[in-house]
Each structure stands twice: as structure tokens, then as C-alpha cells.
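Visitor: structure here, sequence nowhere to be found:
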């Protein structure tokens, strides 16, 4: 595997881990077993039947949980720790043949990309859950599943394209998360009128 393919795998695999880490591990494991994608470093460990079986079972569970409104948000909250660690592990295994300092850098970078895609997904799904109807939620989940599969198709066929797309996604996510943070802060911030009333009540209480 050349450098471009390796970078594409790391970028796309890390991003996909933040969306659905179990499906990512499943695809990587099956890729090793059937030779769909040449895996660098020690990623061939994911091709072990036990790993593939466990990943498939967890993929099915997530497939169901991720399409139920509010349940998906709880699931995302729990996976705030799991998905980034999964992405970091992929980077660690992929860079196992590199020097320790470089392997550490790759591991941290992969975990950061996975965290970024996870936070973007979790935030967007929380916004979608503001709508009571389940259709939008289910549609978003299916689109995410398809995007993970599409990412691995690009990893296998156009690694440079998936690398560029991940970079563009990160740039978009920075804007998106900042916008959502300001929106949420605005909602929960005390209103000026409420603050004014509190200030007006203080002197009255003191006079009493």
C-alpha cells in the first residue's frame, strides 16, 4: 500500500469511526478476509473471525438503536468515548510499523478526526430530535450508514478523494459546531428582561 492509499485509509477510516465505529471495524475486517482493501500495519488483526463476529453483532444493535428518536442521542452520548477511541485504535494499528513518535502522532490525529465526526453527528441528531416525527431521524441514520460504506468505496478506489472530502468535512464541522454552540448558549442564557427584573427586586427587598 502506497502513502496516498495509507493516508486515505487513515482519513476515511477515522472519519467513519466517528459515525459508526462498529460498521467501520466490520468493513475493515471483511476487507482483510476477502482482500477488498490492503490494510497497513497491524490492521489485519481486525480480520480475525472473533473480531468480525463481535463487530457485526454490535453493528446490528447500533443499526436499530440509531434509528429510534432520543434513544439515538443516549447512544451517541455513551459513544462519545467509544468512537474516538476506536478511531485512535485504527490509527495505532495502521501505524504499527512506524517509529514510536510518529505512531503516536498518527494515533492522536486519527482519534481527533473520529471525535470531530462523532460530535458533528451527535449534534446534528440532537437538533433533528427536536422534531417529534421519526422519519427525519431514520433518514439521517440511513444516510450516515450509506456514507460510511461510500467512504470505504472511495478508500479502495480513490484514496485522494476521500482524504480531500474528510478535510472539507472537518472545515465544515468547525463552522457547524461553533454555530450550534452559540445557538444553544443563546437558548439557555438568561434573558435581559429577567435580569432587569431581578435587579429591580433587589432594592425593594432591601427597603423591606
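Guide: Yep, it's here. Treat the numbers as computed from the prediction; the structure is a model and nothing was measured. Numbers count the residues shown, from 1 in each chain.
Visitor: and residue 68, how many neighbours?
Guide: 15 (other CB atoms under 10 Å). The way it works is simple: take the backbone N, C-alpha and C, and place the C-beta from them, glycine included.
Visitor: next SSE after the helix or strand hosting residue 54?
Guide: Secondary structure from DSSP states H and E places residue 54 in helix 49-65. Per DSSP H and E, the first helix or strand lying C-terminal to helix 49-65 is helix 71-94.
Visitor: for that following helix, packing partners?
Guide: Packed against helix 71-94 by the contact rule (3 or more CB pairs under 8 Å, 6 or more residues apart in numbering; DSSP states H and E) you find helix 3-34, helix 49-65, helix 100-128.
Visitor: state the mean pLDDT of the helix holding residue 54.
Guide: Mean per-residue pLDDT for helix 49-65: 95.
Visitor: and what of stretch 144-151?
Guide: Mean pLDDT, stretch 144-151: 95.
Visitor: low pLDDT regions in the protein?
Guide: By pLDDT under 70, the low-scoring segments of the chain are 1, 132-134, 184, 187-208.
Visitor: list the buried residues for the helix holding residue 54?
Guide: Neighbour-count burial for helix 49-65 flags 51, 52, 55, 56, 58, 59, 62 (criterion: 16 or more other CB atoms under 10 Å).
Visitor: list the contacts of that helix.
Guide: Residues outside helix 49-65 that contact it (CB atoms under 8 Å, 6 or more residues apart in numbering): 20, 22-23, 25-26, 29-30, 33, 45-46, 71-72, 75, 145.
Visitor: of these, which is the nearest to residue 125?
Guide: Nearest to residue 125, judged by CB to CB, of these is residue 72 at 5.6 Å.
Visitor: what about the closest one, how many neighbours?
Guide: 23.
Visitor: show me the contacts for residue 169.
Guide: Per CB under 8 Å, 6+ apart, neighbours of residue 169: 15, 116, 117, 120.
Visitor: report the buried members of those residues.
Guide: 15, 116, 117, 120.
Visitor: measure the second one to residue 12 for me?
Guide: Using CB to CB, to the nearest Å, one obtains 13 Å as the distance from residue 116 to residue 12.
Visitor: then residue 72?
Guide: According to CB to CB, residue 72 and residue 12 sit 23 Å apart.
Visitor: same deal with residue 122?
Guide: Applying CB to CB to residue 122 and residue 12 gives a distance of 20 Å.
Visitor: so for the two, which sits in the more crowded spot?
Guide: Between residue 122 and residue 12, counted using other CB under 10 Å, the more crowded position is residue 12 (26 against 19).
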